[in-house]
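Colleague: Here is my input, please return the structure:
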Amino acid sequence: MGRNAQRRSSPTSAEIDPSFFDRLRARLGAEVDGLADALLAISPTSIRGNEAKWPGPEAARVPWCTNGAYLPERPAFTFDPLLHAGCYYVQEASSMLLEQAFRASGFAHERILALDLCAAPGGKSTHLRSLLHADSLLVSNEIDRKRQVILQENLWKWGAANVVITGSAPTQLQRLPEFFDLIVVDAPCSGEGMFRKDPFARAQWNERLVDQCAAMQRNALLHAWESLRPGGVIVYSTCTWEISENEAQMAWLMEQGGTCISIPIDASWGVVRSERLGVDALRCYPHHVKGEGFFIAAVRKPGEWTAQYSNAGAHSYYAPAKWLHPRSSWATVEVGEELFATDATWSGALNDIQRTLNVISPGVPLAERKAGEWRPHHALALASDLDPSHFTRVPLNMDEALSYLRGNALTASNAQGIALATHRNVGLGWLQGAGNRWNNRWPAGWRIRSQHPNAPHVSWSQAH
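Modeller: Residues are numbered from 1 along each chain as shown. Purely as a prediction, here's the structure:
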């Protein structure tokens, strides 16, 4: 989130490798012609709201996602303070089918330990965190260092508690056998389903890439399967239509004793149920659904699942935890010059995670040590569990909020101490009082660099 929005142009058929259509024609027949036409159209624009912060816009709904909405055109999201405040996530609609797969897992009302194995840029993780029981713990993992930065920004802005961000290879899961109740594997793939919105996906596609991706996916699934508890569930998804990257991978899990979970759908959605290789899965094709190409399936590991009970273990508590609502017994973890907070009942599990995985962010960013004392972490302003009663609030209108997001100081009179900047009653960031101005504590790396939108403003923005 927070990146410059660009107007997307549709691809031309000459940009797509002809062998791609030859492969699909063998499976879909003449229907490929309709798919080819759809791939030359403009992609629909959709967002998924964060109901903990904002009720969302009045817009056409994504039928398979409670908080999903279609927009009539792609606006200049960068110039909407609500985006930067984590009130919504700009996400492709088909991938929101994660909600249906999660509900089919049977874990919607259970306190579980979940892992998003290939998490960047954060669409599945922010969605999953909103779907999980509030007391569940989510580990959001990304091995690529550059993508870790984007993942961290998006999760911190989303603001949900009980999220641990890690940066480990799937092989490191060997040290956490039968540990997670639910594992989401949104696997890196050959990317066919994203052809009409991603020029890079069109340029890189070839049959060799398909084979390489299938091998990487099998390796990730092998380690995920070993780290899954008996009775636990793997939700697997890609944005490709290749059988070797989809049903063949699920068939391998079934050979290990897994059982496919049928994900309920409504016929009006246009989602196609696939039963290739004995696998019960869902496929999205752009000529049938208002979304991109997508595949999703869920497989349950053999054995009886039992709930994980509280295992607090040893934990620390620092005074800045008082800045959070006391809905949980908060445990604090100090990492360098930063302090984080999680539900203390997960302290034992968090200790195991810290011993085995590369932990980047172990919970809600709480405080930063400055001049020998703790002051609010810049991401704490965006946390849903922040108790704002501890701070002065400074409401910002649209123009003031955009100025703040560009890193500018704000004029004031007798400004003192640390204050919470808000926009439309949502926490945005911190201000430091300096008499006749509020100094800006919005992170430099998150600032808006563009000066003028290259697309219409969002329809819900207040007048300038």
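
Colleague: and this protein, what are its domains?
Modeller: Domain assignment for the chain, taken from automatic domain parsing, gives 13-42+92-300, 311-355+370-386.

Colleague: In terms of mean pLDDT, which of the ones you listed ranks lowest?
Modeller: Comparing mean pLDDT over the domains of the chain, the weakest stretch is domain 311-355+370-386, at a mean of 90.

Colleague: Centre of the chain to that one, how far?
Modeller: The chain centroid and the centroid of domain 311-355+370-386 are separated by 21 Å, computed with CA atoms, centre = their mean, to the nearest Å.

Colleague: Locate W54 within the secondary structure: which element?
Modeller: In this assignment (DSSP states H and E), W54 forms part of neither any helix nor any strand.

Colleague: Next, the contact list for the residue nearest to it when sequence neighbours are not counted, please.
Modeller: Closest residue to W54 apart from its sequence neighbours, by CB to CB, 6 or more residues apart in numbering: C87 at 3.7 Å. (Glycine included, C-beta is placed from N, CA and C.) When contacts are counted by CB atoms under 8 Å, 6 or more residues apart in numbering, C87 touches G49, N50, K53, W54, V426.

Colleague: try Q249
Modeller: A187, A214, Q217, R218, L221, Y236.

Colleague: in the helix or strand hosting it, what counts as buried?
Modeller: According to DSSP H and E, Q249 maps onto helix 247-255. Of all the residues in helix 247-255, those buried under the rule 16 or more other CB atoms under 10 Å are E247, A248, Q249, M250, A251, W252, L253.

Colleague: residues near the nearest residue to the fourth one once chain neighbours are set aside, how many?
Modeller: Yep, that's M250 we're talking about. Nearest residue to M250 in three dimensions, chain neighbours excluded: V279, at 4.4 Å (CB to CB, 6+ apart). By the criterion of other CB atoms under 10 Å, V279 has 20 neighbours.

Colleague: Include distance to E304, pLDDT and neighbour count when you put the contacts of C87 into a markdown table, please.
Modeller: Shown next, in a markdown table, are the contacts of C87 (distance: CB to CB, whole Å; pLDDT from 0 to 100; neighbours: other CB atoms under 10 Å):
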| residue | distance to E304 | pLDDT | neighbour count |
| --- | --- | --- | --- |
| G49 | 36 | 98 | 21 |
| N50 | 35 | 98 | 26 |
| K53 | 38 | 97 | 22 |
| W54 | 40 | 96 | 18 |
| V426 | 43 | 97 | 21 |
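
Colleague: Now for those residues: which two are most distant?
Modeller: Pairwise distances across these peak at 12.2 Å for G49 and V426 (criterion: CB to CB).

Colleague: Excluding covalently adjacent residues, which one is nearest to V359?
Modeller: Spatial nearest neighbour of V359, chain neighbours left out: T166 (5.4 Å); criterion: CB to CB, 6+ apart.

Colleague: Return the set of residues that bridge with the one you found.
Modeller: Beta-bridge pairing of T166 under DSSP bridges involves N141, V359.

Colleague: who's in contact with it?
Modeller: V139, S140, N141, E142, I353, L357, N358, V359, I360.

Colleague: How many neighbouring residues does the last one have?
Modeller: By other CB under 10 Å, the residues close to I360 number 19.

Colleague: give the contact list for it.
Modeller: Q148, Q152, I165, T166, G167.

Colleague: now, among those residues, which is nearest to D399?
Modeller: Distances from D399 to the contacts of I360, taken by CB to CB, are shortest for Q152, at 28.7 Å.

Colleague: Now name the helix or strand holding that closest one.
Modeller: Applying DSSP H and E, one finds Q152 within helix 145-158.

Colleague: helices or strands next to that helix in the packing?
Modeller: helix 123-131, strand 163-166, strand 359-362 (3 or more CB pairs under 8 Å, 6 or more residues apart in numbering; DSSP states H and E).

Colleague: so which of those is the most packed in?
Modeller: strand 163-166 (a mean of 26; mean count of other CB atoms under 10 Å).
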